[in-house]
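*Asks:* any chance you can model this:
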Amino acid sequence: MLPKHQRLNLKKDFKWVAAGKKLESRYLKLFVKPGDNEMPRVGIAVSSQTFKKATERNRARRLTSSAFETLYAKLPNNINIVALPKAGVTGVKSGLVLLDLETVLKNAKIIN
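*Replies:* Model prediction:
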C-alpha cells in the first residue's frame, strides 16, 4: 500500500479527479487529472456492487495497489489517478494487472 501522502484520501478529491480524463483497460477503469501537487497521488475505489464479498474487494484493492506501487516512480509529479478495478481482476495474477496498467498509461502518454 502506498504511504498516506501519496494517496487520495478525501471524498472531494476523488470527485475532482473523477471529472477528469477517463481511461479503460481490461481490468481497470482509470480517471486521470493533472493538478498542482508535488508528487503523484493515487486513489483506489472498490465497489461493493461489483465485488459482493469483502475478500473479493480486498483482493481487488491489493492487486491494484501493488501495480501502482511498482509503477509509482514512473508517474509524472502533477498527476492524480483514481482507479476502479473491474470484476475480472480478482481471477488473475498481479503481473497481468501490472502489465494492463502499464499498457494503458503508456497508450495515454502518461508514462514513457
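*Asks:* contact partners for the nearest residue to Leu75 once chain neighbours are set aside?
*Replies:* Once flanking residues are discounted, Leu75 sits nearest to Pro40: 3.8 Å by CB to CB, 6 or more residues apart in numbering. All C-beta spots, glycine's among them, are computed from the backbone N, C-alpha and C. Contact analysis of Pro40 by CB atoms under 8 Å, 6 or more residues apart in numbering lists 6, 72, 75-81.
*Asks:* for Asn112, see how far away Asp45 is.
*Replies:* To be clear, residue 45 is Ala; Asp isn't right here. According to CB to CB, to the nearest Å, Ala45 and Asn112 sit 27 Å apart.
*Asks:* more neighbours, those two?
*Replies:* Taking neighbours as other CB atoms under 10 Å, Ala45 and Asn112 compare with Ala45 leading, 15 against 7.
*Asks:* just give the nearest non-adjacent residue to that one, would you?
*Replies:* Leu84 (5.4 Å).
*Asks:* check for me that the one you found belongs to a strand.
*Replies:* Yes. Counting by DSSP: H, G, I helix; E, B strand; the rest coil, Leu84 is part of a strand.
*Asks:* what about the strands in the chain?
*Replies:* 21-24, 28-34, 41-44, 79-85 (DSSP state E).
*Asks:* picking up where we left off before, now, which of the contacts of Pro40 sits nearest Gly20?
*Replies:* Asn80 (7.5 Å; CB to CB).
*Asks:* count of residues packed around the closest one?
*Replies:* 22.
*Asks:* spit out the contact partners of it.
*Replies:* Neighbouring residues of Asn80 by CB under 8 Å, 6+ apart: 8, 13, 16-17, 20, 32-35, 37, 40-43.
*Asks:* for it, give the beta-bridge partners.
*Replies:* Taking DSSP bridges as the rule, Asn80 bridges to Lys33, Arg41.
*Asks:* so how far is Lys52 from the residue nearest to Ala45?
*Replies:* Taken as CB to CB, the span from Leu84 to Lys52 is 16 Å.
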